[in-house]
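Enquirer: Sequence first, then the predicted structure, then my questions.
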Amino acid sequence: MIIDKLDYKNIEIPDELDAVVNAAIAEGKSQRKKNKIVYILKKSTTIAAVFMVCFITLLNTSPVLAQAAYEIPVIGNLCRVFTFREYHFEDDIKYIDAKIPQIENTGKSDLEKRVNLEIQQKIDACISENEEMAKSYYKAFIETGGKPEDFTPIGITVNYEIKCINEKYVSFVISQYETAFHAYNHEIYYNIDLESERNLTLKDWYGNDYKEIVAESIQNTIAGWTDAQKEMLWDDIAIIELISEDTDFYINQNNQIVVVFEQYEVAYGAAGTLEFTIQEPVD
Amino acid sequence: MNAEQELIRLVERNKEKYYRIAFAYVKNKDDALDIIHDTIVKALQKIDSLRKKEYLETWFYRILINESISNIRKSTNIVYFDELPEYQIPAAEDLDKEQYLTLYSAIDKLPPKLKTIVILRFFEDMKLDEIAEITSTKLSTVKARLYKALKLLQMEIKDTDYDY
């Protein structure tokens, strides 16, 4: 038998390949770094001084750490430690990887507890939901004649990213990515006001006119898009109707609000998740 | 050189090969690029879990293949073999040139795991024991899958053609 490999060897290599590979390398490297950092900034000046010396030395000797340090938010005299709990579970039908952020030493222990508890509950709920789903997929697979050894385990990854932290608030996102027969990506945004110990909403930030302010800014951003970008949007979308106190957003390093629309919420899937930085209204 | 640097070097050297493998599964550029992207990101994230550097390439292939298979599983227009009419692919020698159906297009009809074996064995010219390593299965399972794949493709197997 002669195998004709010509079609295979002739698969055209697209021009985008290099860019995709480079972007993926950058993304993979930066995510790896993020998870490795434990943010520690000490209140005590003596410890801080010692810490600074070590830190400067490390910065000079390790290029990897120098890049990583760039991502540590500086928060003055306050002491906040971010740690994470790593969770890994694997069996025949699923594998779960989770990195769970925890806030410590905000100076308000109730707040710490509450934030940690909320995150914990959200993540536990998400893991057990996924376990149930993995079980039901597995059951359906076997019942329809699949062999146990042919079942590809369902993968669940839970990760997090800190968007902003300062004396007033902390903003972060927990993302959950699941691979099964379809891929499912879910992100939970947290913006916590450290003084009032409440979850911030857009209304808290912009006041009663928040819907108009946010919608107008988004529309202005869209107005500056190219036609090709605009074509990605659903035709009958009214941005203002999507703005509510439940709208997802985070606070960026410049203290700006960034509103996030999940994939498919306002545009075709190819547009992915859309983010809009909201311009402060001019009085 | 640390593991991360080696991984990046491996990817940069072989990206075209990896792209072809991904493309053979999904047969479209966008999904193939997605697979390459996700594979690289995942590999970099998990590089610390790789204990022995000499398995780097096998390990990378494993991620690439898992990503390719999850990509076809999540796509909605997948046709499972069970749903296909009984006989689709005529033996090559029965066809004249115009009807000639290459193995490359025929693999679309195979379930993902059998597809993996055919791609690695015939297009990437890997040995069966290498394929067993990559797919984390026993050599006997690989042989059984290869046999099943060829049977499904209605191809004649002649012992002399394979290094069983």
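Expert: Looks like it arrived, so ask away.
Enquirer: How about whichever residue of the stretch 1-150 of chain A sits closest to chain B: what's its closest non-neighbour residue?
Expert: Of all residues in the stretch 1-150 of chain A, the one sitting closest to chain B is residue A:28 (2.7 Å; C-beta to the nearest C-beta). No exception for glycine: its C-beta is placed from N, CA and C like everyone else's. Distances taken as C-beta to C-beta, 6 or more residues apart in numbering or on different chains put residue B:44 closest to residue A:28, at 2.7 Å, once the chain neighbours are dropped.
Enquirer: ok so, going back, number of residues surrounding the residue of the stretch 1-150 of chain A closest to chain B?
Expert: Residue A:28 has 25 neighbours, counted by other C-beta atoms under 10 Å in any protein chain shown.
Enquirer: With residue B:125 instead?
Expert: Residue B:125: 10 surrounding residues under other C-beta under 10 Å.
Enquirer: Also residue A:142?
Expert: For residue A:142, the count of nearby residues is 12 (other C-beta under 10 Å).
Enquirer: a strand runs through it, doesn't it?
Expert: No: per DSSP: H, G, I helix; E, B strand; the rest coil, residue A:142 lies outside any strand segment and is helix.
Enquirer: Check whether it really touches residue A:150, as I assumed.
Expert: No: between residue A:142 and residue A:150 there is no contact under C-beta atoms under 8 Å: 10.0 Å.
Enquirer: one step back: which SS state does the residue of the stretch 1-150 of chain A closest to chain B fall under?
Expert: Residue A:28 is classified as helix under three-state DSSP.
Enquirer: Point to the helix or strand of chain A where mean pLDDT is at its lowest.
Expert: When each helix and strand of chain A is scored by mean pLDDT, DSSP states H and E, strand A:39-40 comes last, with a mean of 29.
Enquirer: ok so, going back, now do the SS call for the residue nearest to residue A:28.
Expert: For residue B:44, the assignment made with three-state DSSP gives helix.
Enquirer: OK, contacts around it?
Expert: Shown in contact with residue B:44 (C-beta atoms under 8 Å, 6 or more residues apart in numbering or on different chains): A:24, A:25, A:27, A:28, A:29, A:31, A:32, B:4, B:7, B:8.
Enquirer: I'd say the first one and residue B:45 touch.
Expert: So the one you mean is residue A:24. No: the criterion here is C-beta under 8 Å, and residue A:24 misses it with residue B:45 at 10.8 Å.
Enquirer: So if I had to pick from these two, which one is more boxed in?
Expert: The neighbour comparison of residue A:24 against residue B:45 (other C-beta under 10 Å) goes to residue A:24, with 22 against 19.
Enquirer: ok, now which ones touch that one?
Expert: Taking C-beta under 8 Å, 6+ apart, one finds B:36, B:37, B:38, B:39, B:40, B:41, B:44 in contact with residue A:24.
Enquirer: what's the distance between residue B:28 and chain A?
Expert: 11 Å (C-beta to the nearest C-beta, to the nearest Å).
Enquirer: Quick one, grab the pLDDT at that residue.
Expert: On pLDDT, residue B:28 comes in at 89.
Enquirer: per the record, what domains does chain B have?
Expert: B:1-78, B:80-164 (automatic domain parsing).
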